[in-house]
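In: dropping a prediction and its sequence here:
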Amino acid sequence: MRELNKELYRKLYLVRRAEEKICVHYPEDDMKTPMHMSFGEEAVVVGVCHALGDAGQVFGTYRSHAAFIAKTEDTDEFFSELYAKETSSLKGKGGSMHLCSPRHGFMGTSAIVASHLSVAAGAAFANKRQKNGKIVAAFFGDGAVDEGVFWESLNAACLMKLPVIFVCEDNGFAVHTPATARRGYASLPRVVSTFDCHVFESDSTDVEVVHALAADALQRMRKEEKPCFMNLKYYRYLEHVGINYDFEAGYRPRNEFEQWYEKDPVRVQRAKLLRLGVGEDELLRIEAEVDAKVSRSVALAQQAPLSHCSEAHNGVFKCDR
Amino acid sequence: MRELNKELYRKLYLVRRAEEKICVHYPEDDMKTPMHMSFGEEAVVVGVCHALGDAGQVFGTYRSHAAFIAKTEDTDEFFSELYAKETSSLKGKGGSMHLCSPRHGFMGTSAIVASHLSVAAGAAFANKRQKNGKIVAAFFGDGAVDEGVFWESLNAACLMKLPVIFVCEDNGFAVHTPATARRGYASLPRVVSTFDCHVFESDSTDVEVVHALAADALQRMRKEEKPCFMNLKYYRYLEHVGINYDFEAGYRPRNEFEQWYEKDPVRVQRAKLLRLGVGEDELLRIEAEVDAKVSRSVALAQQAPLSHCSEAHNGVFKCDR
Amino acid sequence: MIQEMERDPRVFVYGLGVPDHKAVFGSTAGLAERFGKERCFDTPLSEDAMTGFGLGAALNGMRPIHVHIRVDFMPLAFNQLANMISCCHYASGGQLAAPIVIRGIVGRGWGQGFQHSKSMHATFAHIPGLKVVLPTTAYDAKGLLISAIRDDNPVVFLEHRWLYWQEGEVPEEPYTIPLGEGRILREGSDITVVATSWMNVEAVTAADILGRRGISVEVIDPRTIAPLNDELIIRSVEKTGYCIVADNDWSFCGFSAEVAAQVAAKCFGKLRAPVRRIGFAPTHCPTARHLENEFYPNAEDIIREIEEVLGVEPTDLAGIEFYSHEKRFKGPF
Amino acid sequence: MIQEMERDPRVFVYGLGVPDHKAVFGSTAGLAERFGKERCFDTPLSEDAMTGFGLGAALNGMRPIHVHIRVDFMPLAFNQLANMISCCHYASGGQLAAPIVIRGIVGRGWGQGFQHSKSMHATFAHIPGLKVVLPTTAYDAKGLLISAIRDDNPVVFLEHRWLYWQEGEVPEEPYTIPLGEGRILREGSDITVVATSWMNVEAVTAADILGRRGISVEVIDPRTIAPLNDELIIRSVEKTGYCIVADNDWSFCGFSAEVAAQVAAKCFGKLRAPVRRIGFAPTHCPTARHLENEFYPNAEDIIREIEEVLGVEPTDLAGIEFYSHEKRFKGPF
Ligand SMILES: Cc1ncc(C[n+]2csc(CCOP(=O)(O)OP(=O)(O)O)c2C)c(N)n1
Ligand SMILES: Cc1ncc(C[n+]2csc(CCOP(=O)(O)OP(=O)(O)O)c2C)c(N)n1
Ligand SMILES: [Mg+2]
Ligand SMILES: [Mg+2]
């Protein structure tokens, strides 16, 4: 229990720290890629990814810093791609919006809202056929459910009883448009619960709670093979894209943020560990290790050469390589 | 009541008769257009269209012989288009799958499943803005709800409280695939009832019942401005496309048909009229009038010249005309 | 397909109507019986999701074949093609691959009309990362399909409805025809006709008829239009000095424009007349037969165009029996 | 747009983010305040349905303007464009009309990448019944947009992200520029460059630089690419004898192929060298700046191409300040 919570904290902190580093270095204009930050959703993503484990597979969106790091822990790859360096597997072709590391089970992301949901279903189909026990999680925003392909994918997954978890990272907004201005129904989980799948919801920022929910979901999916839908609320701290607050824009009030920030996932988990008797020194040690890891990744990325210009022309077809 | 039932019967019989004429003449190979017949769904379509009235607007599918005739009663236009004659407004460009008569409020049909649903919503939006009180009905099959755009259109209509009725002509099959092989949920009306709209269902072949339901729906829509969803079951008598039975194909048993045919909408309504004291002679008179109308339309269509070949090149852009 | 499914257990076929008794014009007949519902299955009417589904299965090592009974339904899946499938290999730095075959059938005739008759091959070919194959002969269809299934890249495979009636020698055993190789369907020395899909049938007819009066027409079927290997075409035009492109599609911004532009550039100074393009009328496809006949170009149009280019007298075509859909296919549909 | 909305109460604007504080790069600023939520409104993320929605509203007499903040989201609406909007007038025998404007913004730079940088104008132009407009200058943008709104046909109106920084004289009062008329952006006599969208900016820069050494480049912006009126282009090439097409898109089966094919045919014998085509690299758009620079052609590429065609020595470009996105747009995005 304590070990689990420590591990969850380490991951939360890793995600948070990596994004903080982006904020530090982004103004230097060396990471020329639009940043959709994950601040605020760390518990949601870490909770699910940790429950999923190494064998699970993840599909994400343009807002998948958290998911990439929670699933892969590979901050070297992460920063080398943001800096578009030779050391990245993607060679700068993807950037922040198109992270991908299939060897870690992080299968890719899409910046076309909802377009990865059906892909996740297909990946789950292959796993089911191959009987490899892998479960696929697809993260997406509350805006993605407006797209018809969400419903098509949900329907197909339920029909075919595919081992896939649809995780709605629900921050209540699509860019600046609130869910109420986009939805002709009162409750998404209620709608989805009329489909043949397991449905879970939570608005907890406590990673332990989310993790337990996800673990429960996985167990139920294993017992009764059906897809799962999780609606996990969180608050997006920053503007839709970029590293600034945007409360002055007027579409949402600062005090909303302040209320959520009270229960910031990283702080909540840190306080919990202290309550569980983990010493401040041990926390500092964990944090120092993470800090060092992240700093090293940033430094490596900064020092590495840009990917070769010829990369632009490589790899349109597989045989090209 | 009796008058209404007579009128409903006249329309049912008109639809039925027109399609029977198709069956007679189709083998002559002069109507070179794929026929998706409406046999079996007359009560559904006539019930709704009659409730909608002349002012209402209808969008349909490739299977809209019934809807076209119920809404327009214009069998001249109908047959002239099936025969691709100069006398048709469509000049043979549309054929059976693309009937259209906006002056009668029959706004058009699409042979891309579900693609007209959003169009119907937009038409309803314009009516709402123009405050003209018109209500739009969109007919579609149970297969259409598999398409994402059904969910997008339903959502948008509910969100914007549009005066549109979505009418699912539920024959349980998409071509040869039953709904159970396509759906990841148990009950479509149950799913839709979680949206902000009025939901109705029926499996009646009694046109009076369907008409009453539709009239009720319209009244409720007028009182509480919201879209409406109707799930109306019927049995498709013939093959998916063409004028033959296809029970020997093995995907559905003949006795299913026989059970439904017991309560064939035309027969049911005729028997009812007799029960209501309408004399056989009066029925024969109504039928004779309809027969004459349909025969005249067929003859006119057969005699008219083919549309001019130059029509093929006309009207790609509006200014072209 | 049966042979490939036996050879490679990763191959599966899916799409609307695939396992039913009509079996997509017979092209998937027997698969469901032989390989079971696991490897040959029907889907909901969800072209968009079912295309992404194929991509996902391919990413995890399977080799899906997705069948659309009309190309016209593929616009619903265009996002997956343009934004996902075509680029996943490139954008992942080669970490992902999408070996998926998307079969689409080009409809025509008996009132198919504007929503059941598109070919769209230029639209797909315009997007880097998609291979686009249009077989004409039965022999080619088999060899190209096997190559498409074995290819590690996404392949859009478009089959003309009418070509299912094509008869031809098809060896029983599996064989491949490399994607990216064209074929000379008819050798000739006076003029080159580059044709796609059904237009090859028309072009060969035209070549036969003109051959009788001593005009020697070379008909080239590129077969794979993307990536296009135009060597065969260029060599032929260098020989004949004349070129007509007869494309089974609209001309504007179409494949015929690409071929015409390449031939004009690469055979500059060797062309003895401008390249001509024959394609669909610049309208939507009307449904009535007599209007359809205005819409679709045919062997006669090709003959007239050739005669004009070569500056010869029109052939007397009276009494010549052209291939006619009417004669083969009687309604009702 | 404000002016058209005041003139015609049937006009309304909708799309994702249209009424928010960013207002689609400012292009819809003030509309919501002025005309209310009834005539300027946000939508669910449902590109497919919201496009059909526009068609429906248009059928019932309204004049919708649908805005997509990236062209890359329009593939989701491609079914409506290809199968519904483009053909409803034709297929209804003229009973229906679809006066709808679909504005799409072409993204570029700062890691937009393969899912946020498409132009797709050739894809739309290939389909009969859609008008396709690509403005370059601010003056043209206003006049063409007003014409598009007043046009009774569906118009796809594609605006390049970078062109929002274009400065130029724009009269306050409303004016129209007929759809279907090109424009000579720079007169010249030695060579014709036909360019689209952003490539016009690059072409004019190239013309300026080459002008200093006495090479006179004529730059033609067709503005409306479908239906294309190519008179201006043909007349220019007849005068110069040389032609380069610089298209802001992939070349294969693209608009550059169409122009090249038409010029080669119509100026046959008058062309002194093959038409050359400049376009995106035949890859997906990578996100990193240095890779993007490989992907996008620019003024220097145009200059080099012109020099090669004309057979002149390369200009010394050292010290020349090219237009550079970097210099104008600093992150963070
Ligand atoms: C298909 C599509 N439409 C529109 C956009 C533009 N867009 C980018 S992010 C976004 C909002 C998505 O909201 P949500 O799914 O809730 O994700 P969040 O950003 O809140 O994490 C929009 C509209 C897009 N990328 N793709
Ligand atoms: C988008 C699309 N996909 C597939 C088809 C092929 N198709 C034509 S009708 C049909 C079945 C539709 O079933 P349903 O909606 O229940 O209507 P019904 O024919 O039963 O009236 C299919 C799959 C099509 N026309 N459009
Ligand atoms: Mg959101
Ligand atoms: Mg049905």
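Out: Yep, that arrived. Numbering: from 1, shown residues only, chains lettered A, B, ... in the order given. Ligands and ions are numbered 1, 2, ... in the order given.
In: next structured bit after the top strand by length along chain C?
Out: Looking across chain C with DSSP state E, the single longest strand is strand C:243-250. Proceeding N to C from strand C:243-250, the next assigned helix or strand is helix C:255-266, under DSSP states H and E.
In: where does C:Leu185 sit: helix, strand or coil?
Out: Following DSSP: H, G, I helix; E, B strand; the rest coil, C:Leu185 is assigned to strand.
In: quick check: closest non-adjacent residue to it.
Out: Excluding the flanking residues, the one nearest C:Leu185 by CB to CB, 6 or more residues apart in numbering or on different chains is C:Val219, at 4.4 Å. C-beta here means a position set from N, CA and C on the backbone, and glycine is covered the same way.
In: report the distance from the strand or helix carrying that neighbour to the chain centre.
Out: In this structure, C:Val219 sits in strand C:217-221 according to DSSP H and E. Between the centre of strand C:217-221 and the centre of its chain there are 16 Å (CA atoms, centre = their mean, to the nearest Å).
In: and the helix or strand just after that strand, anywhere near chain D?
Out: Going down the chain from strand C:217-221, the next helix or strand is strand C:224-226, by DSSP H and E. Yes: Strand C:224-226 reaches chain D (CB under 8 Å from any CB of the partner chain) through C:Ala226.
In: mind checking how far strand C:224-226 is from the chain centre?
Out: So, by CA atoms, centre = their mean, the centroid of strand C:224-226 is 9 Å from its chain's centroid.
In: stretch C:303-323 too?
Out: That offset, for stretch C:303-323, works out to 25 Å (CA atoms, centre = their mean).
In: got the residue ranges for the helices in chain C?
Out: With helices called from DSSP state H, chain C shows them at C:2-7, C:31-35, C:47-59, C:78-79, C:88-91, C:121-125, C:138-150, C:198-211, C:231-240, C:255-266, C:289-295, C:299-310, C:325-328.
In: avg pLDDT for the shortest one?
Out: For helix C:78-79, the mean per-residue pLDDT is 98.
In: from the chain's centroid, how far away is it?
Out: That offset, for helix C:78-79, works out to 20 Å (CA atoms, centre = their mean).
In: packing partners for it?
Out: helix D:78-79 (3 or more CB pairs under 8 Å, 6 or more residues apart in numbering or on different chains; DSSP states H and E).
In: same deal with the second one?
Out: When contacts are defined as 3+ CB pairs under 8 Å, 6+ apart, helix C:31-35 packs onto helix C:2-7, strand C:40-41.
In: pick the most deeply packed of the ones you listed.
Out: Stretch with highest mean neighbour count among the helices and strands packed on helix C:31-35: strand C:40-41 (a mean of 21; mean count of other CB atoms under 10 Å in any protein chain shown).
In: now check it, is it near chain B?
Out: No: remark: strand C:40-41 sits outside contact range of chain B, by CB under 8 Å from any CB, the gap being at least 8.9 Å.
In: quick one: that strand to chain centroid distance?
Out: For strand C:40-41, the distance to the chain centre is 24 Å (CA atoms, centre = their mean).
In: and it, does that touch chain A?
Out: No: Strand C:40-41 stays out of contact with chain A when judged by CB under 8 Å from any CB, the minimum separation being 8.8 Å.
In: paired strands for that strand, with orientation please.
Out: Here strand C:40-41 has these sheet partners by DSSP bridges: strand C:11-15 (parallel).
In: nearest residue to the middle of chain A?
Out: A:Ala67 (2.8 Å; CA atoms, centre = their mean).
In: hmm, back to that, show the average pLDDT along the strand holding C:Val219.
Out: 98.
In: what residues of stretch A:206-222 count as buried?
Out: A:Asp206, A:Val207, A:Glu208, A:Val210, A:His211, A:Ala212, A:Leu213, A:Ala214, A:Ala215, A:Ala217, A:Leu218, A:Met221 (16 or more other CB atoms under 10 Å in any protein chain shown).
In: returning to that earlier point: what distance do you get for the residue nearest to the centre of chain A to D:Phe114?
Out: A:Ala67 is 20 Å from D:Phe114, where distance means CB to CB, to the nearest Å.
In: now the one residue in the stretch 51-200 of chain C that gets nearest to chain A: closest residue in space that isn't a chain neighbour?
Out: In the stretch 51-200 of chain C, the residue that lies nearest chain A is C:Gly56 (2.5 Å; CB to the nearest CB). Take C:Gly56 and drop its neighbours on the chain: the residue closest to it by CB to CB, 6+ apart is A:Gly122, 2.5 Å away.
In: any idea which helix or strand carries the one you found?
Out: Assessed by DSSP H and E, A:Gly122 sits inside helix A:117-130.
In: next, count neighbours for the residue nearest to C:Leu185.
Out: For C:Val219, the neighbour count with other CB atoms under 10 Å in any protein chain shown is 30.
In: and the contacts of the helix or strand following the helix holding A:Gly122?
Out: Sequence-wise, the next helix or strand downstream of helix A:117-130 (DSSP H and E) is strand A:136-141. Contact with strand A:136-141 is made by A:45, A:48-49, A:52, A:56-61, A:63-64, A:67, A:107, A:113-114, A:116-117, A:120-121, A:123-124, A:127, A:150, A:162-171, A:174, as judged by CB atoms under 8 Å, 6 or more residues apart in numbering or on different chains.
In: for the chain, give me the ranges with low pLDDT.
Out: Looking at chain A here, since you left the chain open. A:320-321 (pLDDT under 70).
In: meant chain C, my bad for not saying
Out: C:165, C:323-333.
In: and the residue most central in space within it, what does it touch?
Out: Compute the mean C-alpha point of chain C, and by CA atoms, centre = their mean the closest residue is C:Leu134, 2.4 Å away. By CB under 8 Å, 6+ apart, the contact list for C:Leu134 reads C:His121, C:Leu158, C:His160, C:Thr196, C:Ser197, C:Pro222, C:Arg223, C:Thr224, C:Ile225, C:Asn248.
In: quick one: contacts for residue 178?
Out: You didn't pick a chain, so chain A it is. Neighbours of A:Pro178 in contact, by CB under 8 Å, 6+ apart: A:Gly172, A:Tyr251.
In: not quite, I wanted chain C
Out: Per CB under 8 Å, 6+ apart, neighbours of C:Pro178: C:Ser147.
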